[in-house]
Every structure is written in C-alpha cells, then in structure tokens.
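>>> Next input, structure requested:
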Amino acid sequence: MSFGKGVKSQNLLDSLHVEDGWIINNILDDGTHFYTKNIKTLNQVAVRVSQVTNIFPKYIKSVVMDLDKYGEFLSNSNTMSSSILIIAEEYVDGYQHINVSLPFFSDRRYCFRMFDYDLPLDSSGAFVEWFLLDENLEYANFLKQNNPEATYINIGSGAWSVKVIDSSRYDISYRLIMDPGGAIPDFLIQKINSISIINLFHDVMSEAKRRAAF
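As a prediction, the model looks like this:
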C-alpha cells in the first residue's frame with residue numbers, strides 16, 4: 001500500500017489531531033485505551049493509545065526526546081537502533097533501523113524530524129510531534145551508506161499530547177500513522193502498528209514514571 005506521491009508526512013499530523021472519527025477498540029487491564037481511525041483520503045488506519053496518569057507531562061516529553069537513550073528503556077531495543085542525526089534550534093532529526101525477523105520481509109529504516117513544545121502548566125495540547133523525511137532529500141548520502149538493503153519508510157507521523165483533567169491527573173495520548181512499505185497486507189500493517197504503539201507507549205510511560213521519582 002502507498003499513500004501516493006503527493007502525500008507528505010507532515011500533512012498527516014492534522015488528521016491525527018482531529019478528534020472526530022476515533023473509535024475505541026479495546027481497554028487494557030491497566031486502563032490504557034486503544035483507538036483506531038480510518039483516514040479515508042489515504043485509505044489507511046491511524047492508531048492511538050491513551051491513559052490517565054499522575055505523571056507530569058514534562059517527564060514524558062523528556063523521555064520521548066531522549067533519542068540516544070532509547071536503547072536503555074525500549075523493550076524492543078534488541079531489534080531497533082536509534083541515533084540522532086542533527087540537533088537544530090527548533091527540531092531534532094533522528095534515524096531508526098528496525099530488524100524484521102519475518103521471513104521474506106526486509107528490515108525497515110527511516111529518518112524523522114521531531115519537535116517538542118512547552119505547554120503552560122494547566123494547558124492541553126501536543127507536546128511532541130514528528131514526521132518522516134523523504135529519503136531523497138537532505139539525508140540521501142547518509143542513507144546510501146547505512147543499511148541500504150533495508151526498505152525505507154517515507155510516509156508516517158506521530159504526536160504525543162496531553163489533556164489536563166485536574167491539577168494532578170493528565171490524559172496522555174500518542175497517535176500514529178505509518179505505512180511500513182513493501183508488499184505487506186493491510187491487516188498486517190494495522191496489526192504491526194497496533195502492537196508497536198502499545199509497547200512504545202508503555203515503555204515511555206514506565207521510564208517517565210521512573211524519572212519522575214527522582
């Protein structure tokens with residue numbers, strides 16, 4: 001499946017933030033809510049997880065932005081490597097390579113641009129957003145020298161946001177849409193995205209809770 005040549009990853013963020021269309025699919029034992037949303041113009045399904053917590057959002061943001069430390073707390077760190085490409089004034093560019101153990105499927109890789117935002121204490125909204133970068137743009141030479149046999153993912157976006165409930169409770173949400181590329185069936189794409197977003201969300205929240213305790 002492809003989103004089409006005219007679709008840019010950064011434009012997908014608007015679709016993720018629109019509240020209409022999200023359908024709850026499951027509530028896990030720990031209270032995590034799992035949603036899906038059909039992005040009709042793309043013929044693709046976005047996924048979202050959320051959980052009410054007392055962890056202050058700044059700790060969650062620090063974990064998400066700490067790319068160099070992903071290997072220390074992500075449960076899938078043995079299959080995914082992360083690195084920082086550049087730290088600019090307004091954003092951070094990163095690179096990730098994912099080892100795929102499924103037969104007949106190649107590894108995946110992508111470059112992405114991530115932004116973080118400072119929110120007032122009592123404000124709701126997005127505090128981290130990211131989108132994937134085109135492989136033929138600024139990191140084309142880097143990609144030629146790093147895992148060139150892996151399938152590059154061009155289209156994908158994600159956003160972490162908070163809805164303030166009261167002075168000590170926050171509804172934290174992570175939304176994601178990504179096409180893993182290659183000849184992967186639609187149902188498998190949704191399953192991969194669903195499992196990965198839940199695992200990532202739990203890993204980030206656990207690490208944020210640990211950091212908040214110090």
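>>> Would you map the strands across this structure?
Remark: strands assigned in the chain by DSSP state E are 23-27, 33-39, 44-53, 80-87, 92-98, 108-116, 125-132, 151-152, 156-166, 169-178.
>>> Send over the longest one as CSV, restricted to the C-alpha atoms.
What that stands for is strand 156-166. Only the C-alpha atoms of strand 156-166 are listed here, as CSV (Å, rounded to 0.1, in the frame of the first residue of the first chain):
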residue,chain,number,x,y,z
GLY,A,156,4.4,8.4,8.7
SER,A,157,3.7,10.8,11.5
GLY,A,158,3.0,10.8,15.2
ALA,A,159,2.1,13.1,18.1
TRP,A,160,2.1,13.0,21.9
SER,A,161,-0.5,15.2,23.6
VAL,A,162,-2.0,15.9,27.0
LYS,A,163,-5.5,16.7,28.1
VAL,A,164,-5.4,18.2,31.6
ILE,A,165,-8.1,16.7,33.9
ASP,A,166,-7.1,18.5,37.1
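>>> ok, and what's touching it?
9-10, 12-13, 16-17, 52, 57, 60-61, 64, 110, 112, 119, 122-132, 170-179 (Cβ atoms under 8 Å, 6 or more residues apart in numbering). In short, each C-beta sits where N, CA and C put it, glycine included.
>>> next one: the second one
Contacting residues not belonging to strand 33-39 are listed as 12, 15, 21-28, 44-51, 177, 190, 194, 198 [Cβ under 8 Å, 6+ apart].
>>> Now do stretch 22-42: distance from first to last residue.
End-to-end distance of stretch 22-42 (Cα to Cα, to the nearest Å): 15 Å.
>>> what does stretch 157-174 give?
11 Å.
>>> can you pull the buried residues of that stretch?
Buried residues in stretch 157-174, counted by 16 or more other Cβ atoms under 10 Å: 157-162, 164, 170, 172-174.
>>> farthest-separated two in those?
157 and 164 (23.6 Å; Cβ to Cβ).
>>> ok, back up a step: adding distance to residue 142 as columns, could you present the strands of the chain in TSV?
Conversion of the strands of the chain to TSV gives the following (distance: least, Cβ to Cβ, whole Å):
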stretch	distance to residue 142
strand 23-27	37
strand 33-39	30
strand 44-53	27
strand 80-87	7
strand 92-98	7
strand 108-116	8
strand 125-132	14
strand 151-152	12
strand 156-166	18
strand 169-178	21
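>>> would JSON lines of those strands with mean pLDDT be doable?
Output for the strands of the chain, formatted as JSON lines (pLDDT from 0 to 100):
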{"stretch": "strand 23-27", "mean pLDDT": "95"}
{"stretch": "strand 33-39", "mean pLDDT": "94"}
{"stretch": "strand 44-53", "mean pLDDT": "94"}
{"stretch": "strand 80-87", "mean pLDDT": "94"}
{"stretch": "strand 92-98", "mean pLDDT": "95"}
{"stretch": "strand 108-116", "mean pLDDT": "95"}
{"stretch": "strand 125-132", "mean pLDDT": "96"}
{"stretch": "strand 151-152", "mean pLDDT": "92"}
{"stretch": "strand 156-166", "mean pLDDT": "95"}
{"stretch": "strand 169-178", "mean pLDDT": "95"}
